[in-house]
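*Asks:* Prediction below, plus the sequence it came from.
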Amino acid sequence: MNHHTNNLSNVFILILLFLVLFTYLPVTLSANVADSIENKVKEYLKEHEQDIAGLATIVIDEDKVIYKMKGYADIENQIPVTENTVFEWGSVSKLLIWISVMQLVEQGQLDLDTDIKTYLPEDFSTKTTYEEPVTMRHLMHHSAGFDDSYTDLMIHNPTKRHTLRGVLEEADIKQAFAPGEVVAYSNYGSGLAAYIVEEVSGLDYLEYVQQKIFDPLYMTKTAIDPELADKEWVKEARGEVQGYTYALQLIEPNFYSIPMYPVGSATGTAADLQRLMQALLAEDNTPLFKNKETLDQLFEPTLYYPGTTIPRIANGFFYLPSKSQHVYGHGGNSKAFSSSFYVDRNERTGVIVLTNIKNESTFTMGIPELIFDEYVHVEYNGNLEESSMWSGVYEPARLPSSGFSKVYGLFLRGKTTQSETNHLAINGLQYTQLEPGIYKTEDSPSLYSLDVYSEHPQLRNVLSNTYSDLLYVPYYKHVLEWGGLVLCAAAILFSFIYVIIAAIRGIWTKQPLHRLLFTQNLLNLLIFTNVLWIVYKTASMVSYDFLKPFLTLNLIYIVIALINSVFLSVRLKNQRLSKGEKRFWIMTIIFTVILCVNMLYWEFYF
């Protein structure tokens, strides 16, 4: 009897131990994993603390939240980063657009594959020029074909405020490619999607986001108005924060208004952004959607890299190459802030990084890579391709196709060359071939580590990375365009030397100057100064309206210069000149024509 009882007791104890072990082991393991993540973040921040101005980072691992704040919101006044410090989200703001779109899709009010003209007013001035319809899916994939603009994106102290519709209709944007042809990151396309949300819902976009996203999530410390007028507390808190360069130099001024505000105006605390992330990581009962299936759909890949099964975009959320290969989100930059927001719904893990440093990547890219680990490609056993087929000069598809700012594309071009037999070197970075058309680098943050290359029937070679395709530029075009700018520099140098010599000669020898010749060279210098002024003011984020008078001056110059060149050519035949003087006349005419041709080619006029 006692022996039998003892056996039963032993069995009962074993079962109890078994239940206790397997009930609490997952919790223990999860806690250990979370502790490991927290230690990794601590070590990373300590290792790079000399690069921190102000930083707030949040890591969510299932139900565990790791919240780290470092540095200063205002270094000069020693104001530390706290839970009430607000950061500008930059382009992370676009996630609000795509969430709004999917909410309307869930309600049956919006279809992702319907021509967007169905949802726009009949009198809305669209930028489309191709017959193929643009759909919401094109806007989400940044493949609607719209080019880019470097004017009116951010404006310091705007003198007037337009509606979202007004900003879109006045945007200096053109449709440079047929829908679906290339991926070119587009602020205009995202802003257009936000305007469609307005039209379909019947609410101003600002009101829609407040009612459908911020209120359900109790995000009371985030504003999206371009002047932060929708949240007075946020506006006051933003006054306590400064922005800095990578070298931790103060950027002044560092608050700019974004007229197309849905694409980048969100400003708020890290804790508020955490609420949004937790809603996107929720297994069920999310306040953002009625059905869990919609939330799952939001993170399903909707665009893959050409000819592969590698995801690129999931309904506006960009794919982050990682170990799990299920990470999606967005990065953001404003005039003085940087941010990143990435989630892995499969692992229920998320990372938020907010900094007050312009174009920052050590933390905004480094911390997500630390948490999600590097991308591991499936082993390929076939033959590799001859990588020299991708050699050449390339430029981003995300460029202005018209207007003076298209000249900026020259400075964004890169050269691709073969490295060893099967690999590539691009702008000093080494890319290893994983399999034909797929290349990876260890020299860049994980977001930009993976490239997929393909051949296009019209565009020849296309190199695809996260935010934009890179398009092949014929070498002759590259040489001619740079050659034209070099000749422009020579023309300006010549005019400068001529004006100085002619002025000195006139003062010392009292010889009369030839007015047409002297005037033309002086005009060349003045118009060059005007071009520098336009470039400077564009970099200072003034409105395009502000630039119009200066661009009009360029047009007047072109007319006067060409007429003057004709007069000089006629006078040259009738003028008795020495060989040296003839050279000055001929060079003035030639260099003036070169300046005019470049001004016309690069559209430095209005």
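*Replies:* Nice, I can see it.

*Asks:* Residue 136 touches residue 115, doesn't it?
*Replies:* No: in this structure residue 136 lies outside contact range of residue 115 using CB atoms under 8 Å: 9.5 Å. The way it works is simple: take the backbone N, C-alpha and C, and place the C-beta from them, glycine included.

*Asks:* who's more crowded, these two?
*Replies:* Neighbours of residue 136 and residue 115, each counted by other CB atoms under 10 Å, are more numerous for residue 136; the result is 28 against 16.

*Asks:* According to the record, where do the domains of the chain fall?
*Replies:* Following automatic domain parsing, the chain resolves into domains at 54-372, 387-473, 476-601.

*Asks:* And the strands in the stretch 301-450 of the chain, which stretches?
*Replies:* With strands called from DSSP state E, counting those that start in this stretch, the stretch 301-450 of the chain shows them at 303-304, 311-314, 317-319, 327-333, 338-344, 349-355, 392-396, 414-419, 423-426, 429-435, 438-441, 450-456.

*Asks:* my read: residue 362 touches residue 51, true?
*Replies:* Yes: at 5.2 Å, residue 362 counts as touching residue 51 under the criterion of CB under 8 Å.

*Asks:* Pick the most buried one from the domains of the chain.
*Replies:* For the domains of the chain, the largest average neighbour count (mean count of other CB atoms under 10 Å) is found in domain 54-372, namely a mean of 20.

*Asks:* what about it, distance to the chain center?
*Replies:* In this view, domain 54-372 has its centroid 11 Å away from the chain centroid, taken as CA atoms, centre = their mean, to the nearest Å.

*Asks:* which regions of the protein sit below the pLDDT cut-off?
*Replies:* Residue ranges of the chain with pLDDT under 70: 1-34, 507-513.

*Asks:* Output the longest strand belonging to it.
*Replies:* Secondary structure of the chain per DSSP state E: the longest strand is strand 64-74.

*Asks:* Can I get that strand in PDB, CA atoms only?
*Replies:* Taking Å, rounded to 0.1, in the frame of the first residue of the first chain, the C-alpha atoms of strand 64-74 are listed here in PDB:
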ATOM      1  CA  LYS A  64       8.500  43.200 -24.100                       C
ATOM      2  CA  VAL A  65       9.300  46.800 -24.800                       C
ATOM      3  CA  ILE A  66      12.800  48.200 -24.700                       C
ATOM      4  CA  TYR A  67      12.900  52.000 -24.600                       C
ATOM      5  CA  LYS A  68      16.200  53.900 -24.700                       C
ATOM      6  CA  MET A  69      16.800  57.700 -24.800                       C
ATOM      7  CA  LYS A  70      20.200  59.300 -25.200                       C
ATOM      8  CA  GLY A  71      21.700  62.700 -25.700                       C
ATOM      9  CA  TYR A  72      20.100  66.100 -26.100                       C
ATOM     10  CA  ALA A  73      17.200  67.700 -27.800                       C
ATOM     11  CA  ASP A  74      19.100  70.900 -27.700                       C
END
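
*Asks:* Using the three-state scheme, assign residue 521.
*Replies:* Taking DSSP: H, G, I helix; E, B strand; the rest coil as the rule, one finds residue 521 in the helix state.

*Asks:* what about it, distance to residue 136?
*Replies:* Distance of residue 521 to residue 136, given as CB to CB, to the nearest Å: 55 Å.

*Asks:* what's the answer for residue 331, then?
*Replies:* Residue 331 is 22 Å from residue 136, by CB to CB.

*Asks:* cool, and residue 336?
*Replies:* The gap separating residue 336 from residue 136 is 32 Å, by CB to CB.

*Asks:* Kindly report the same for residue 105.
*Replies:* Residue 105 is 8 Å from residue 136, by CB to CB.

*Asks:* anything in contact with each of these two?
*Replies:* Shared contacts of residue 105 and residue 136, defined by CB atoms under 8 Å, 6 or more residues apart in numbering, are found at 111, 112.

*Asks:* sorry, back to before: now distance to residue 380 too, for the domains of the chain, in a markdown table please.
*Replies:* Formatted as a markdown table, these follow (distance: least, CB to CB, whole Å):
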| stretch | distance to residue 380 |
| --- | --- |
| domain 54-372 | 12 |
| domain 387-473 | 4 |
| domain 476-601 | 33 |
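
*Asks:* Of these, which is nearest residue 44?
*Replies:* Using CB to CB as the measure, domain 54-372 is the one of the domains of the chain that comes nearest residue 44, at 5.6 Å.

*Asks:* For the closest one, measure first residue to last.
*Replies:* 23 Å (CA to CA, to the nearest Å).

*Asks:* Next: stretch 316-336.
*Replies:* 24 Å.

*Asks:* just stretch 203-220 next, same as before
*Replies:* End-to-end distance of stretch 203-220 (CA to CA): 20 Å.

*Asks:* what helix or strand is residue 121 on?
*Replies:* Using DSSP states H and E, residue 121 is not contained in any helix or strand.

*Asks:* host element of residue 274?
*Replies:* In the assignment (DSSP H and E), residue 274 maps to helix 270-281.

*Asks:* May I have that helix as CSV, with CA atoms only?
*Replies:* Coordinates of each C-alpha in helix 270-281 appear next as CSV, following Å, rounded to 0.1, in the frame of the first residue of the first chain:
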residue,chain,number,x,y,z
ALA,A,270,8.5,58.1,-29.5
ALA,A,271,5.8,56.8,-27.2
ASP,A,272,3.1,57.8,-29.6
LEU,A,273,4.8,56.1,-32.5
GLN,A,274,5.2,53.1,-30.3
ARG,A,275,1.4,52.9,-30.0
LEU,A,276,1.2,52.8,-33.8
MET,A,277,3.8,50.0,-34.0
GLN,A,278,2.0,47.9,-31.3
ALA,A,279,-1.3,48.2,-33.3
LEU,A,280,0.5,46.9,-36.4
LEU,A,281,2.1,44.0,-34.4
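
*Asks:* Skip ahead from it and say which helix or strand is next.
*Replies:* Remark: after helix 270-281, the chain's next helix or strand is helix 292-298, criterion DSSP H and E.
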